[in-house]
Every structure is written in structure tokens, then in C-alpha cells.
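Student: what's the 3D shape of this:
(2 chains)
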Amino acid sequence: MIPAAFEYSRATSVAEAVDLLRRGGGEAKVLAGGHSLIPLMRLRLAQPTALVDINGVKELDYIRMEEGRVRVGALTRHATVVRSAEVRRHLPLLAEIAGEVGDPQVRSRGTVGGVLAHADSAGDYPTLAVMLDAEIVTDRRRIAARDFFQHLFTTPLAPDELVCEVVFPAAPGPHRYLKFRRRLFDWAIVAAGVQQLDGGWRVGLTNCGPTPVRATAVEAALAQGATPSAASAAAADGLNPSSDLRASSEYRRHLARVLTRRALEQAA
Amino acid sequence: MAVSQMIGARIQRREDPRLITGHGRFIEDRTLPGMVHLAVVRSPHPHARIVSIDTAAAGAAPGVLAVLTAKEFHTVLSGTMPVAPAFAPDKKYVPPRFPIAEQEVCFQGEPVAVVVASERALAADAVDLVHVEYEPLPAIVDPEAAMHPGSVKAHTDGPDNIGWDTTFAGGDIEAAFAKAEVRVKERILQQRLAPTSMETRGVLAQYSPFDERLTIWLGSQNPHFIRFFVSMSMGMPESAVRVVAEDVGGGFGGKISPYPEDYLVPAAAKLLGRPVRWIETRTESIQTTTHGRGQVFEAEVAARRDGTLLGLRLTQVLDLGAYHGTFGAFQACAGLMAGGVYRWEAVEARSVGVLTNKVPTDPYRGAGRPEATHVCERMVDRLAQELGMDPAELRRRNFAREFPFTNNFGLVYDSGNYDGTLDRALELADYPALRERQAEARRAGRLVGIGISTWVEICGFGPAAPTAGATGGIALVESAQVRVLPTGSASVFVGTQAQGQGHDTTFAQIVADTLGMPLETIELRHGDTAEGTGFGCGTYGSRSLSVGGMAVQQAAVKVREKARQLAAHLLEADPDDLVFEQGRFAVQGSPATGKSIQEVALAAYGGSLPSGMEHGLEAVSYFDPSNWVWPFGAHVCLVEVDPETGAVRIEQYVGVDDCGTVINPMIVEGQVQGGVAQAIAQALYEEVVYDGESGQLLTGTLLDYLVPTMNEIPDMTLDRTVTPSPVNPLGVKGIGEAGTIAATPAVINAVCDALSPLGIHHVDMPASPDRLWRLMQEARP
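Tutor: Sure, this is the predicted structure:
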């Protein structure tokens, strides 16, 4: 429960952060909210030799509406997203998801960019990003969400690359995100998100595999007029979620179907 | 007769302003000049032979002062760690335990070496540099498998894995079963639980070579016992060792027994000549602080068709872990209490303690009584279901009603009114309306269940005679010293050790009433073996008020009676003619003539004492209760199970308890709320899981070991009845474990009732959604 030794530096700009990461030589990690990284370090499951603290990079802390898109700076805290009138108006599902991340302390420290870069399949924003075809913007390129989440905790980010922004389409229509968990502050055992967009439905699943899942079979069935009940039967098709202490793979597949149906029923 | 003001008063806990503003004094808050830090190198294997330990790299690491192994500790520590000898009378194999492993490690987390360094982080770094070569040995994880002759042995030198095998016979069980018109049988699991105090364990020790004195600060429920054992092991006079427990951030049974670190830290302090501190990490806590429960019950009930209970036969297989916990055998009392609040013709209980390659088990909030109540209340519900009888009605038909009530094992329940608590609980819950609501929900395909638990427990340990044998010579009596200072304020020294129970408030209320003194003039002190009386037995087993509180009351009465003698002298009256009211002695019939307790106190240190009277105004009392006390109650729980996901929601919770006379109702309610929360934790959330093959702990963090938060705990409707105990002068009983004993079966009975339309008769704990979903899948055609 005591981290291994590491160097600490604090950046005040994106350029400085990238420079510090580069000097870390592949063993440096970005410290934003720290709510995933520091527990891993305390257990010595992560032993970065250097931390680059980006909490001083104020240019990454913003929410902007632009041409039908919601742009969220990587350093934006969950609590800021929850309170944002613009997010509530243009992408209310994002505000609702942010309001159910962890507990008040986590929401006050944790960041949108941190969750995306960490790429935990139990994270909530990755699912939203994938189902809405969001874009992740780094200091050097734009990456489509579907290409960003390559595997559990694995992204195409270079060791010295910094996530700067995520760009979602505005989607004010019916939506719902249902998280199944044992305790209010837990990660989802499984979660299902649904969002009406451009006249169709987008459906995403959390913690049903090594990456967030877009349930395209459900989307297609709905497009053909299937009821939520009928469409959600296909939610777990092709999925092989892992088993752990909280849920067997089979139970997760079952939950995917149940939660998808309920989310569609409650959103409509 | 003094008008009682403080006893029964709902006053806020005096300790809280300090504790809730972050001004408590815990082990990590205490530092000493020159203090260094100890970290423990632990076995990653559940069972292995130690081939070699290479400490060279760790010893050369930055900041490291020493790397110590069993070889070094043998020079300052002797003997083995204690095992209470008598709770399970037929002890068989008791493997010796030295605080640090030398040749063989028998559970994951067992210490093999320690590192002492100038900084805590440097000590943690150096732990990774100690190279221990192990030869892994087969591990035995499942206690039932461990019972079989020819099983893998938890200790290679042991004859087998049987720690004890004891059968308690209460009546003619064969005759009772011969009369049976109906029998029900069930296998009931009690999962392992981690006590999970908010403050983990911690030890700070300082050895002074000049006067050969040792001071140990640690988080303990039991500081005098720690001194007793550690002084013996270190070959020091008990009087040369001072043990101090200041604020203790929770115990729940996990800080009763001495631990390896309680020996290793003082020993390291002596070897190095520096103050040494060790703070347990959360993972170490889950891995190495003793676990609770860990039992398997096979139970069978014989009854008549009209619901009359006849016989209860059960076997308890208790997973001891790798060594006997110091008080682990206490949990064999589950058999003696399994008859619960009912009349039986016979009860027979076999208890088998089995060694496995896991951390030892020891008492955990309730220790044996929650297990007894769970088995009994589950079996009564199973019988009600089998007979198609209302479970409340079946209970009423069999309640013990005449007190004192002697149970099948000769234990004498002091007082009770089981109808009273059940009637009140059913009234508060509006039981008929709940059943209607359930019927309606069932018609709509919903799974709604009602669970009842009518419970009794044995607590207030003492008495001296039965407990002295059980602990190996120390009677579980309790002591107090009350000292009134010249200006009329008082210091009260007690041998109990609060870890959140509110003794600073409750005990002061008793003294305030007995001596008629303002509460704020009474200081309560505990936890320092250098103060107060010769010995204290600590706080656990809901004993502090009914034993320790009575010692306080008796000592205060002694002080009052001396003050009466002195007041009579000062007033030139006969002591028998004085009335004592609101802190003032007055001559009967002339109330204007009197002396306050404060005036008397000053006089006690003055120059005009009656001849033969010693100076001062203080007294010591040891209280040895004549029997245990037997709190009881009835809890009712309403749950709904999601038929699709298996998620359980507690819709309503009612608890009506009876702990005799209540000193502070707010503290009683807090204890019940916390206890119920901890019981819900067992029923629905918590479980220590080891991999069945490898013996690796799988729930080593609070991400995996699911302690519920306030969000998961429902509002509770609580009430009580008052049936005083005849065992002590104030008529009190314990309440610290009541909620934990009562609520687990109430919740599980409700879950089972909810699932009964599917033909599901029993659910093991925790009743997690995936487990219930699987059961429902299997039950549905």
C-alpha cells in the first residue's frame, strides 16, 4: 500500500506535459485525478518511474459547444460535467453518467480524459464515446473512439502522447444509462447505455469484454421496428465477457440483455 | 433515594467532538524521537517450506537498519503464542505458533522476516529485496475436505487437521427424534468475514535499556492481556511493560487476541535500541487480521405436526485456519446457543475445529451467537415452511416463557419476554398488512419476502469460575477505580477498552448518578496498564457495561459510603440518619443541614477526619457477575428480489430489542444500527474468498471485499422493551453485538421467503445477485 519511488513533475501547458513525458522515456505516467492510477501504484501493480502532474494545465479544463458538437477538455472533472448547463441541454446522458461515477470525492477529482486514457472496460465514458462515435483528440492527432479502445487498458497512445479533448455529437433526445452494481460507489458489473441520435438508436455496453461494446445487432433490430424486448435479446450476441468474483460470464451476458431492454423501455 | 438523572438520559457521546473533528489519537498519530519503521516480509504461499532467506540485498538497501528473521527473534522472544484451552474441551492437535515462521509457512501472509528502515516507504521497498526461497507444499483450503483421514495436512508435522472434536449433549436426542412427526434438514454455510476496522492494526514500541522498561502503544481491545502475554514471551516482569491503547478505531473482535506483530515490534525495538512502529496496510489487514465465522453447519430439526419443537441436532465444522486463534474455540458456543429462544426436548451439537492453510479465525462481532441464531432461525423458518405454518405463530408456540429458563445444556437465561419483543416488532411492521402486500406482489409475479428473527444471546463474560478455566487462568471479571479529587471532580479508571462503544459517556453517567456529580467533572480513563487497577479484561462479547460498568458502579458506591461516614462526622449526625440526594448528604428531617459531595471530598484530604478513617476519597472494585446476561429481541425484514437480476432490496427493517435497563438510549440505538448494518453486510455483501486450489486470497482489497456503505443500509425502525437483568445491581445487559446476531437471519429468512414460490428453500451468504440468479435459473423449469 506504499508506492515505489517515482519522480514527480508538474506541467502548466500541454507542450510542457508532452516534453516531460518524453523525458520520462516511456516509463512516465500522466497524473490527473489519480483515482485509478494511485490505487494501482499503492498496490505496486503500477510502478511508473515518473509522474507528470497535469492538474496545472488549465487549458484542458473546459466544456464548449461548437457546431452541434460537445467538446470536453481532458482535465474537466466529473463534477464539472454534472453541473454544466450546456452538457445537460445538449448531451444530458453525459451529465447523468458523470453524476454516477464513484462518490463525491472521486467526482471532484477524477477527470474525463483520465477515464478515457485509462481504458478500463468498466469505465462509463468509453462506452458513451464508442456508441456515439466520439473522437479523442490528443496533442498530435484525432482518433475515432472505435479505434481508441484496443484492449483492456490498451490504447494507441504513444508514451509521450497526451489526451487533450473528447468530442461528442450533441444528442438531446431520449436516453438512459443503467449501471448494475453491488454498491452505489462501485464500478458497473455491467452497464447498458442507449441514446436516440439521428432518428435511430445507439446502444452501448460496459464491462462486457476487454473494450466497450457497441451493440450493433440491437441497433439494427430497433431500426427494423423491433420492440425493446425483442431487440435486446441480441444484446449479448458475440460477447464473451470474463468471469470474476462478482459475476460469471453467463450472468454478465444475461445482465447485458436485461439492462439493454430496461434502458430502452425507460428511455422511450 | 437519589432521583436518577443521568441513567437513562439521551445525551450525546462526550468523545465525539474530538473524534469526528479528526482529533482522535490513533497509532499512526503517535511518533517518537528517533522512531524507525518496520515492514513485514510475508509468505506469498499458503503452505511452503522455507529453504533459505537471503537478506543481503535488503540489508544493503537505502535507509535499512536491520533485516530480522526467526533466528534473531529467538534471542528475545520465547514460547509460543497463546491458545485459550477450554472453550472446546476436547482439544486434539494444537500446532505451536511462534510469532514468525522458521521452517514452514502455513498461510499466505504469515511473517517470515521483518525489515526496519528509517522511512516507511524505504522499509516497504526493502521488503521486495528479501529473497526467500520456498519449496511450495500442497495446501488444504476446504475445512470439510481437511477432516478426511488422508487429507493434505495444514502442517506437515501434524497428525491430521483436527483441532478439536467435541459433542455437547443436551438431553436424549434419540428419544426426541423418535417422536418426530416431521423432520427438516439443511446445510448452512457461514462465510469467512474480515473484521475491517476503519483503523487497521498498528504497534509502536519503545525499549529503554537503562531501566529495562518497555512501552507498547497499540490498537487493542485488550491491553492488559497483551501485556500479560508479551511480557512473558520477552522474559520481562509484567510491571516493567506498559501497554497503552489510546483511541482505537474499531475492533469487532479482530483486536482481542495477540498478533505476531505485537511481539515482533517490541522485540525489534529491544534488538535495535530504537522506537519502532508498524502500521498494517489494508491488504495486510484482510490477509492477516483474524477472520470471523468460517463455518459449515449440518442441522436437523424434529418436530410435531402441530409445530411443537422436539429435537435439534447439528454439526459445526469450524475452519480454524492455520493455527488455533487465541479465542477461536469460543465459537464452539454456537452449539450451546443453537436452541435459541425455544423449548426443546433435546439439543445435540458436535463441533469440529479443523486446520486449513488460511489465516486463523477468531471471534468477530457476536462470535458464535450469530452463527447459533442463524442456524436456529433458519431451521425454524424451514420447519414453518414445511408445515405451512406462519413463522411468527410457530415461534410463539415454542418460546421459553418462564425465567430463569434453563436451556438444554444447563445454561440459565436470566430474564426474558420473547412474546413482548415479537408482538411489538410485528405491530411496528404491521405484519398482517405486510403479508397482504406480499400476497398481492406474488400475484403480480414479484418476489417479496418477509423474514423474522427472534434471538437471544449469552454475553457479559465472566463469571469468574467458568471463564478462568477457559482462558487458562485469568477470570473474566472486571475492575474499576473511582478517585474523587479534593475539589470534588473524579477520575475513573477502568479495565475495559472502548473502540467506539461510548464508554466515556456511559460509565460517566453511572458515576454521575451514584455520586450526584456533574457529568463534566468526571473523567474516564482506560487503555493504559500503568493506571488504575491491577488487571482489566478488555472490551468484547458485550461485557463492558454488565461487568465493567458494574465495577464502576460498585466502586462509586464504596466512595459514596465512605463519604457518608465522613459527612456524618462533619455534621455530627448518625450516618444512618443521612439522606443522599442530588450530590448532597442531608440530615433526615432537617434538609437545610447538609454537606455536598464536593465539601466532603475536600474534607477527605483535610485535617479533621474521624478517628480510624484514612485520608482520601477513592475505591477499587472488582465485579464478578453471578451469571451471564441474556439480551433478546425480534427483528422483521421485508425484501424484494429482482426476478431478472437477483438483486435484493431491503424495503423495510424493524428491530425491537431488550437489553434490560438502558443507561443511554442514543448509544443503544447506535449500537443496534451499526450491528444491523454489519449483519446485512454478511447477509448480502461480504465474503473472504480464497482460491480453492491454490489457497491464494482473492479478496485482498476493499474493491473485492464488499463492505457496504451507508447507501446500501436501509432506514430502520427501532424500539425496545425493558426487562431488567437480575444478575447485576443496575439490571443491564449487553447490546454491542445484538444487531449483528439478530439481523443476518432476518434478512436471509426474508430472501428465502421471497424465493419460496420458486421452490427455493435455502440461500447461502452472501445472497449476492449472481448467486440468486443462478439459484433461480436452476429452479425454473
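Student: now the residue of the stretch 101-250 of chain A found nearest chain B: closest residue in space that isn't a chain neighbour?
Tutor: Closest to chain B within the stretch 101-250 of chain A is A:L184: 3.8 Å, counting by Cβ to the nearest Cβ. (Each C-beta comes from the backbone N, C-alpha and C, glycine too.) Spatial nearest neighbour of A:L184, excluding adjacent residues (Cβ to Cβ, 6 or more residues apart in numbering or on different chains): B:N711 at 3.8 Å.
Student: do B:G472 as well
Tutor: Using Cβ to Cβ, 6+ apart, the nearest residue to B:G472 is B:P85, at 5.2 Å.
Student: helix, strand or coil for that neighbour?
Tutor: At B:P85 the chain is in coil, as set by DSSP: H, G, I helix; E, B strand; the rest coil.
Student: equivalent analysis for B:F228, please.
Tutor: Using three-state DSSP, the structure places B:F228 in helix.
Student: state the distance from it to chain A.
Tutor: Counting by Cβ to the nearest Cβ, to the nearest Å, the gap from B:F228 to chain A is 31 Å.
Student: am I right that A:I143 sits in a strand?
Tutor: Yes. Per three-state DSSP, A:I143 lies within a strand segment.
Student: so who does the residue of the stretch 101-250 of chain A closest to chain B touch?
Tutor: A:103, B:709, B:711-712 (Cβ atoms under 8 Å, 6 or more residues apart in numbering or on different chains).
Student: okay, it: pLDDT?
Tutor: At A:L184, the pLDDT value in this model is 93.
Student: by contact count, what packs against the helix or strand harbouring A:A15?
Tutor: When elements are assigned from DSSP states H and E, A:A15 belongs to helix A:14-23. Under the contact criterion of 3 or more Cβ pairs under 8 Å, 6 or more residues apart in numbering or on different chains; DSSP states H and E, helix A:14-23 touches strand A:28-31, strand A:50-53.
Student: got the contact list for B:R201?
Tutor: B:218-219, B:254-255, B:259, B:261, B:280, B:285, B:289.
Student: before we move on, the earlier item: and the residue nearest to B:G472, how far from chain A?
Tutor: Distance check for B:P85 against chain A: by Cβ to the nearest Cβ, it reads 36 Å.
Student: about what we covered before: can I get the helices and strands packed on helix A:14-23 in TSV including mean pLDDT, distance to chain B and mean neighbour count?
Tutor: Formatted as TSV, the helices and strands packed on helix A:14-23 follow (pLDDT from 0 to 100; distance: least, Cβ to the nearest Cβ, whole Å; neighbours: other Cβ atoms under 10 Å in any protein chain shown):
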stretch	mean pLDDT	distance to chain B	mean neighbour count
strand A:28-31	97	18	23
strand A:50-53	98	15	21
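Student: got a list of contacts for stretch A:213-230?
Tutor: With contact meaning Cβ under 8 Å, 6+ apart, stretch A:213-230 is reached by A:127, A:130-131, A:146, A:192, A:200-206, A:231-232, A:234-235, A:237-239, A:256, A:260-261, A:264-265, A:268.
Student: correction: the previous question concerned stretch B:400-407.
Tutor: Residues outside stretch B:400-407 that contact it (Cβ under 8 Å, 6+ apart): B:170, B:336, B:339, B:341-343, B:347, B:412-416, B:418-419, B:726.
Student: follow-up on the earlier one: of the helices and strands packed on helix A:14-23, which is nearest B:V354?
Tutor: Smallest distance to B:V354 across the helices and strands packed on helix A:14-23 (Cβ to Cβ): 46.0 Å, for strand A:28-31.
Student: other SSEs contacting that closest one?
Tutor: So strand A:28-31, by 3+ Cβ pairs under 8 Å, 6+ apart, packs with helix A:14-23, strand A:50-53.
Student: can we see that at 6 Å?
Tutor: strand A:50-53 (3 or more Cβ pairs under 6 Å, 6 or more residues apart in numbering or on different chains; DSSP states H and E).
Student: in its sheet, what does the very next helix or strand once past the strand it packs on sit against?
Tutor: Along the chain past strand A:50-53, the next helix or strand (assigned with DSSP H and E) turns out to be strand A:63-66. Strand A:63-66 has its sheet partners listed here by DSSP bridges as strand A:69-73 (antiparallel).
Student: now the next helix or strand after the partner strand: mean pLDDT?
Tutor: Toward the C-terminus, strand A:69-73 is succeeded by helix A:78-83 as the next helix or strand (DSSP H and E). Average pLDDT, helix A:78-83: 98.
Student: can you list contacts of helix A:78-83?
Tutor: Helix A:78-83 has contacts (Cβ atoms under 6 Å, 6 or more residues apart in numbering or on different chains) with A:87, A:95, A:98-99, A:101, A:107-108, A:110.
Student: and if you look at stretch B:108-124?
Tutor: With contacts defined as Cβ under 6 Å, 6+ apart, stretch B:108-124 is touched by A:2, B:36-43, B:46, B:53, B:58, B:62-69, B:100-101, B:126-127, B:130, B:132, B:260, B:264, B:268, B:287-288, B:697.
Student: hang on, B:T166 in a strand?
Tutor: Yes. The assignment for B:T166 by three-state DSSP puts it in a strand.
Student: what pairs with it across the strands?
Tutor: B:S351.
Student: who's in contact with it?
Tutor: B:88-90, B:351.
Student: how far does the helix or strand bottoming out on mean pLDDT in chain B sit from the chain's center?
Tutor: Least confident helix or strand, chain B: helix B:464-471 with a mean of 83, by mean pLDDT, DSSP states H and E. Averaged C-alpha coordinates place helix B:464-471 at 18 Å from its chain's average position (Cα atoms, centre = their mean, to the nearest Å).
Student: that one: which residues count as buried?
Tutor: By 16 or more other Cβ atoms under 10 Å in any protein chain shown, the buried positions in helix B:464-471 come out as B:464, B:467-468, B:470-471.
Student: now for it, which elements pack on it?
Tutor: Partner elements for helix B:464-471 (3+ Cβ pairs under 6 Å, 6+ apart): none found.
Student: outside of the helix or strand that comes right after it, which residues touch it?
Tutor: Once helix B:464-471 ends, the next helix or strand along the chain (criterion: DSSP H and E) is strand B:478-484. Residues outside strand B:478-484 that contact it (Cβ under 6 Å, 6+ apart) are B:490-495, B:532-533, B:536-537, B:547-548, B:551-552, B:555-556, B:559, B:601, B:617-623.
Student: among the contacts of B:R201, which ones are buried?
Tutor: By neighbour count, with 16+ other Cβ under 10 Å, the contacts of B:R201 hold B:218-219, B:254-255, B:259, B:261, B:280, B:285, B:289 as buried.
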